[in-house]
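Student: Sequence plus predicted model, see below.
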Amino acid sequence: MLQPDGNANHQLVAQVIPRCRHRVRSLLMIGSAAEGHANASSDIDLIAVVPETGRRLRTAEHGFHLNDRPVSVTYVTEGSLRRRLKRLDAIYQAGGHITEGVVTRIANAVVLFDPDGVGEHSSGLLFAG
């Protein structure tokens, strides 16, 4: 089981970043691995925040195996992630039920790589009041 601890995170980042198809500004782990209830057959779900380019991302998601475990990387720009979080926050503030899969799990995300504070800032929008 992959636990969100420092050593495992550093190893994961060292193995994942070189395989990413875009330059990564921030890497967030979501899902069962981040929430601490992954098992041997669980995949590793990641959100890679990438720079704004002014163009649509050619690869919005891609998967690969790492040490016999499936890894799924979803690429989003910081602006796109922030817009999605703001929309969800508006729904939540209005008393609605939030059901958008990837973004709703940001609350339990583990920030793996974030030298510029992009992921911390973007995920913090979920809790802005």
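Tutor: That came through, no problem.

Student: Please make it C-alpha for all contacts and neighbour counts, starting now.
Tutor: Will do.

Student: and residue 22, what does it touch?
Tutor: If a contact means C-alpha atoms under 8 Å, 6 or more residues apart in numbering, then residue 22 has 50, 75 as its contacts.

Student: can you pull out the strands in this protein?
Tutor: Taking DSSP state E, the strands of the chain run over residues 26-30, 44-50, 61-66, 69-77, 110-113.

Student: can you redo those as TSV with distance to residue 36 and mean pLDDT?
Tutor: As requested, the strands of the chain are arranged in TSV below (distance: least, C-alpha to C-alpha, whole Å; pLDDT from 0 to 100):
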stretch	distance to residue 36	mean pLDDT
strand 26-30	10	90
strand 44-50	12	91
strand 61-66	19	90
strand 69-77	16	91
strand 110-113	10	89
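
Student: Kindly present these as a markdown table, with separate columns for mean neighbour count.
Tutor: Supplementary listing: the strands of the chain in a markdown table, determined by neighbours: other C-alpha atoms under 10 Å:
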| stretch | mean neighbour count |
| --- | --- |
| strand 26-30 | 24 |
| strand 44-50 | 24 |
| strand 61-66 | 14 |
| strand 69-77 | 19 |
| strand 110-113 | 22 |
